[in-house]
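Participant: with the input below, show me the fold.
(chains A and B)
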Amino acid sequence: MALDKNFDASAAEPRIYDAWDAANAFAAGANARPGAPAFSVMIPPPNVTGALHMGHAFNNTLQDILVRWHRMRGHDTLWQPGTDHAGIATQMVVERELAKTNRRRTDMTRDEFTALVWEQKRRSRGNIKEQLKRLGASCDWSREAFTMSGAPGAPEGEEGNFHDAVIRAFVDLYDKGLIYRGKRLVNWDPHFETAISDLEVENIDRPGHMWHFKYPLAGGETYTYVERDEDGAVLFEEQRDYISIATTRPETMLGDGAVAVHPSDERYAPIVGKLCEIPVGPKEQRRLIPIITDPYPDPDFGSGAVKITGAHDFNDYGVATRNGIPLYVLMDTRGRMRADGLDYPEAAARAGRIARGEEDAPSDATEINLVPEEYRGLDRFEARARVVADITAEGLAVMVPATDPRLGAQAAAPAAPEEGGETRLDQLVPLVEEKTITQPFGDRSKVVIEPMLTDQWFVDAARIVGPAIDAVRQGEVRILPERDAKTYFHWLENIEPWCISRQLWWGHRVPVWYGLDLHSESFRDDEGDDALDEVELISLLTKDRLVHSGQRRQCAARFEGVIEGFRDDIAALPHPLNAARIVEVEDRAAAIHTFAASLAEYNVTQDAGRLVYPVWQDPDVLDTWFSSGLWPVGTLGWPEQTPELERYFPTSVLVTGFDIIFFWVARMMMMQYAMVGQRPFDTVYVHALVRDEKGRKMSKSLGNVIDPLSLCDEYGADAVRFTLASMAAMGRDLKLSKDRVAGYRNFGTKLWNAFRFAEMNGVGASGPARPTPRETANAWILGELGRIREEVDTALAEFRFNDAANGLYAFVWGRVCDWYVEVAKPLFASEDAAVVAETRETMAFVLDNCLILLHPFMPFITEELWGQQPRDGMLVHADWPDFGADLVDPAAEAEMGWVIDLIEQIRSVRGEMNVPAGLKVELVTTELDTDGRAAWERNAELIRRLARVERLTEAEAAPKGSVTIPVRGGSFALPLAEIIDVAAERARLDKTVGKLDKDLRGLTGRLGNDRFLASAPDDVIEETRALVAEKEAQRDRLRSAQERLAELG
RNA sequence: GGGCGGUUAGCUCAGCGGUAGAGCACUACGUUGACAUCGUAGGGGUCACUGGUUCGAUCCCAGUACCGCCCA
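Facilitator: The predicted structure is shown next:
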């Protein structure tokens, strides 16, 4: 049955994928030769609720190419799929669902909520998986992993042990002292009320304002403020009783701990060490803060003086910690000005004593709430507006003429001269600069991120980063392209503590339990009688005491694991408390309640056996990257020692986007070395971004997102894959246009029709033996095939996907379809059955190998064509060839080169001379060497057909009015006197001779240069000489043609 | 401000010491039995600029300009 004219991608793709699935074609180890090396790739896990975008399509296409290639080569191949639980993103999806029915997460228990998330996970995990299948991704789906599998509460079907890996890693690091709890500044998302990672923060430039305020010096002190130019000449000088501060965030002034200036800044030297007043809040409680020096302020930026709010800005935090400046938290978890704690006068008084050094700053930055009563409870942006208004009303804003250009669009136009000149000094306005401000936004919540001082868990990354750096430095792990290793080093060498806790419900819960700290003065057994009497009990029962007690903690994989630790911990307490039973409760409040009740009961019953010591688990969950950092070992079953771990770890290649090189790659490196002491992968291939055709980043807001699946609908998955591969030059962004995809869809059609042609000519499946043809064309194409196989393998081995794809394109279209199929036509028409048989055999071999070589790039259409003939197995498991340039037959190659050159020259002349396409012309030869004659003899039919030549005749000299065609070893002429356009032919010859002359001038000039002959390599000199001889011969023939043309007039 | 990259045909990009390449687009011609999602032919480039190294530079080095990206 004849093939259709086109490949029907939409119908064939699902059918073919199902067939692969049914045959378990992608199972780990499928098609592996005995004793074959392992090749394993871990998919970068997409978000479980995510959808496939162009970046995924690119990333997974490259992985699939590598995986299919290795599988066909008989390697023991595993492509491990799976998804990431994506804490904040997934929780958000579920919360959004709840919001539709006016419900909130906090309306239910944590377990109820996470059950809903699991449901959501089940519903949406299929999406991305099906989408990957549409692309043709040959993952071993039977091994699909999930970063939350096996977590408490996981439903049936989610019994994997990834949770064990995550918890094991935490406990290990904790036990080694590499994880600690501390208060540090973190990116805080006021919408989701959790810490988030730097990666989840987008810094976006927005039009904003910079306000300039006066901080009055304490006690009305004054100084001379002098501005000088570069030469030290005085530009401006005045007496001031204030220091001028510029800020984009006036609401944080309430928490200022100091004003900093650069140590070299002479303008402020007279007042360094003095105190100034924060110009906001009730007058009677204005706080005084010191003026300090620090390298951070840039003397040329703003006024050169920077207010320091250590608890709400990352730079200020650094200044504050360097200089011992107290930190005051101003906002609550929702980004509103705090309304808790001490009333303002008391808080301000304490802060004052701290600033004067009369009191130490509390270790807890939330203890003192410095928000004045009138701002308490306001949203931070509302508070900003109020602060600005209040300061301005009080006259403490820096004032400038209304025409000051810094005011931007708000600036008044300079008045015309007749109205009083350029400036109107009498009209002063507050200096509010209009300028672009880079602001941090939560990538999910889209709200402004607030740097916040909170208690979080941290990995002391600096202490585990060593092996990760050394491995790349010493070449144990290779990062490609090499330049990305620089980013990697830069990040790792300047690594910050890694905040791993998140205030979410969806995720791996921190495996730490807390108990009340009873080891304090008030809980002493006063009499030392080893028993609690009534007085002691009452002291314990005082709830206030319990509420303010500290806490003790223990870390273990499960609650049962911490019991021993807490027992040891309370062993020092008075009897019978020291023997209290350890029980688990929900949270601290429950613990206080339970403990108090237990004591009360003991007091009545004196039954020590009923005393309990309640402990509760940390409510926080771990950063999703903490779990995905364990992806390579975790998906292979670690911490269990599985056969897969043994077989496929360390993995072979990680293919990932450059944007997460440090977030993910670096973390996997650190964690794999920390946990199993081995590299996670041999090679990291870092690819760039897929942009739109204009080079813009694809984004929903720009509306330029190209959906890879609709592209697949339109052009077929193979075309999309081939496009991505052909554009995957290492380290370069790719600009995707539909035209390009259409072009590769056409390529598929071209291939398809080559098979149609073959089928029509009785070509079947290739046999087991490699053909050994006698015909020049057949011998030639085998050599070309051998070359391309080597080229593809070399390119893929070096991750040059584009070279492999483009090489195949050029071979299949430019060699096989353009030439081999054409030259095969006269061979198939031969009356010699042996020639026909040989050609069938060769074509079968060549086309089948085209399918094999193309399969990693275009799996569907190739599998479909493969299946058109009876085969032993599917193409996905066909053997990758190992022949190479050994297939090249130099004689055949030289002859085909000669034939192709002749045909192209004749066609070119015909085209330029406007010879009607259908007209068959005569060809005359005037001189031809033996090789030339032989080549003509063997290929006459072919040349006649492809060049539309009637017949060849010999002549002493080229006929008048003919066009000369020089070839290697001779010369042909096309007698076109009837139709020739003398002028056109003269122009053609002039042009060609001119070009030859120019080339020859360069080449002979080079050969005439002694230093060239002395310095250049021999082969280059030889090559140059040969080229000169060749070009001179051609030029001479064309010159005589010019002369003949001249005779013609 | 620091770091990294880019600048080659109308567009998108390869190449990278030894005669400037591809795909797409463009122009002309063409249904010759695989393919019009095609065929044949053609036009089109001081390889950003300025210096340097070299027998020789689009390629190496230095600087300049412009454009990106990352980090502050």
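
Participant: next, count neighbours for A:Gly220.
Facilitator: Using other C-beta atoms under 10 Å, A:Gly220 has 7 other residues around it. Glycine gets a C-beta too; all of them are placed from N, C-alpha and C.

Participant: what helix or strand is A:His56 located in?
Facilitator: Using DSSP states H and E, A:His56 falls within helix A:54-72.

Participant: now do the helix or strand just after that helix: distance to the chain's middle.
Facilitator: Where DSSP H and E defines the elements, the next helix or strand beyond helix A:54-72 is strand A:76-80. Centroid displacement of strand A:76-80 relative to its chain, using C-alpha atoms, centre = their mean, to the nearest Å, is 22 Å.

Participant: other residues contacting the helix or strand just after strand A:76-80?
Facilitator: Elements were assigned by DSSP H and E; along the chain past strand A:76-80, the next helix or strand is strand A:82-83. Residues outside strand A:82-83 that contact it (C-beta atoms under 8 Å, 6 or more residues apart in numbering) are A:43, A:45-48, A:50, A:125, A:128-129, A:143-147, A:631, A:635.

Participant: lowest-confidence entry in the residues you listed?
Facilitator: Least confident entry in those, by pLDDT: A:Arg125, with 68.

Participant: which residues in the stretch 551-700 of chain A form helices?
Facilitator: A:559-570, A:588-605, A:624-628, A:631-634, A:643-648, A:667-676 (DSSP state H, counting those that start in this stretch).

Participant: my bad, the stretch 401-550 of chain A
Facilitator: Going by DSSP H, counting those that start in this stretch, the stretch 401-550 of chain A shows helices at A:466-473, A:483-493, A:534-541, A:543-547.

Participant: what does the pLDDT read for the residue of the stretch 851-1000 of chain A found nearest RNA strand B?
Facilitator: Nearest residue of the stretch 851-1000 of chain A to RNA strand B (C-beta to the nearest atom of the strand) works out as A:Gly911 at 2.7 Å. pLDDT recorded at A:Gly911 is 83.

Participant: could you do A:Arg552 as well?
Facilitator: With respect to pLDDT, A:Arg552 scores 87.

Participant: tell me how many other residues surround it.
Facilitator: Counted with other C-beta under 10 Å, A:Arg552 comes out at 18.

Participant: from A:Asn939, how far out is it?
Facilitator: Remark: distance between A:Arg552 and A:Asn939 (C-beta to C-beta, to the nearest Å) = 92 Å.

Participant: quick one: is the lengthiest helix in chain A near RNA strand B?
Facilitator: In chain A, with assignment by DSSP state H, the single longest helix is helix A:1018-1048. Yes. Applying C-beta under 7 Å from any atom of the strand, one finds helix A:1018-1048 in contact with RNA strand B at A:Val1020, A:Glu1023, A:Thr1024, A:Leu1027.

Participant: is the third one in contact with A:Leu1003, as I believe?
Facilitator: Yes. Between A:Thr1024 and A:Leu1003 there is a contact at 5.7 Å, judged by C-beta atoms under 8 Å.

Participant: how far off centre is the longest helix of chain A?
Facilitator: Centroid separation for helix A:1018-1048 versus its chain: 54 Å, with C-alpha atoms, centre = their mean.

Participant: ok, stretch A:430-449 next?
Facilitator: On C-alpha atoms, centre = their mean, the centre of stretch A:430-449 falls 25 Å from that of its chain.

Participant: got the residue ranges for the helices in the stretch 201-350 of chain A?
Facilitator: So, for the stretch 201-350 of chain A - with DSSP H, counting those that start in this stretch - the helices run A:314-323, A:344-355.

Participant: A:Ala19 is nearest to which of those helices?
Facilitator: When the helices of the stretch 201-350 of chain A are compared by C-beta to C-beta, helix A:314-323 sits nearest A:Ala19, at 55.3 Å.

Participant: centre of the chain to that closest one, how far?
Facilitator: 32 Å.

Participant: swap in stretch A:996-1009?
Facilitator: With C-alpha atoms, centre = their mean, you get 50 Å for stretch A:996-1009.

Participant: export it as CSV, just CAs?
Facilitator: What follows is stretch A:996-1009, C-alpha atoms only, in CSV (Å, rounded to 0.1, in the frame of the first residue of the first chain):
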residue,chain,number,x,y,z
LEU,A,996,39.0,33.9,-10.3
ASP,A,997,41.5,36.7,-10.9
LYS,A,998,40.8,38.2,-7.6
ASP,A,999,41.2,34.8,-5.8
LEU,A,1000,44.4,34.1,-7.8
ARG,A,1001,45.9,37.5,-6.9
GLY,A,1002,45.4,36.7,-3.2
LEU,A,1003,46.7,33.2,-3.5
THR,A,1004,49.8,33.9,-5.7
GLY,A,1005,50.6,36.9,-3.5
ARG,A,1006,50.7,34.6,-0.6
LEU,A,1007,52.8,32.0,-2.4
GLY,A,1008,55.2,34.8,-3.4
ASN,A,1009,55.8,35.8,0.1
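
Participant: what residues of that stretch count as buried?
Facilitator: A:Leu996, A:Leu1000, A:Leu1003, A:Leu1007 (16 or more other C-beta atoms under 10 Å).

Participant: show me the contact partners of it.
Facilitator: So stretch A:996-1009 is in contact with A:Phe1012, A:Leu1013, A:Ile1021, A:Thr1024, A:Arg1025, A:Leu1027, A:Val1028, A:Lys1031, A:Glu1032, A:Gln1034, A:Arg1035, A:Leu1038, going by C-beta under 8 Å, 6+ apart.

Participant: so where is chain A shaky, pLDDT-wise?
Facilitator: For chain A, the stretches flagged by pLDDT under 70 are A:1-2, A:125, A:409, A:411-426, A:520-547, A:691-704, A:731, A:980, A:1048-1049.

Participant: the longest strand in it is where?
Facilitator: strand A:201-216 (DSSP state E).

Participant: which strands or helices does that one pack on?
Facilitator: strand A:242-247, strand A:275-277, strand A:432-442 (3 or more C-beta pairs under 8 Å, 6 or more residues apart in numbering; DSSP states H and E).

Participant: closest to A:Pro190 out of those?
Facilitator: Taking C-beta to C-beta, strand A:432-442 is the member of the helices and strands packed on strand A:201-216 nearest to A:Pro190, at 8.4 Å.

Participant: is RNA strand B within reach of that closest one?
Facilitator: Yes. Strand A:432-442 comes into contact with RNA strand B (C-beta under 7 Å from any atom of the strand), by way of A:Thr438.

Participant: helices and strands around that strand, which ones?
Facilitator: Checked by 3+ C-beta pairs under 8 Å, 6+ apart, strand A:432-442 has strand A:201-216 packed alongside it.

Participant: how about the strands in the stretch 851-1000 of chain A?
Facilitator: Along the stretch 851-1000 of chain A, counting by DSSP state E, counting those that start in this stretch, strands occupy A:921-928, A:949-954, A:962-967, A:970-975.
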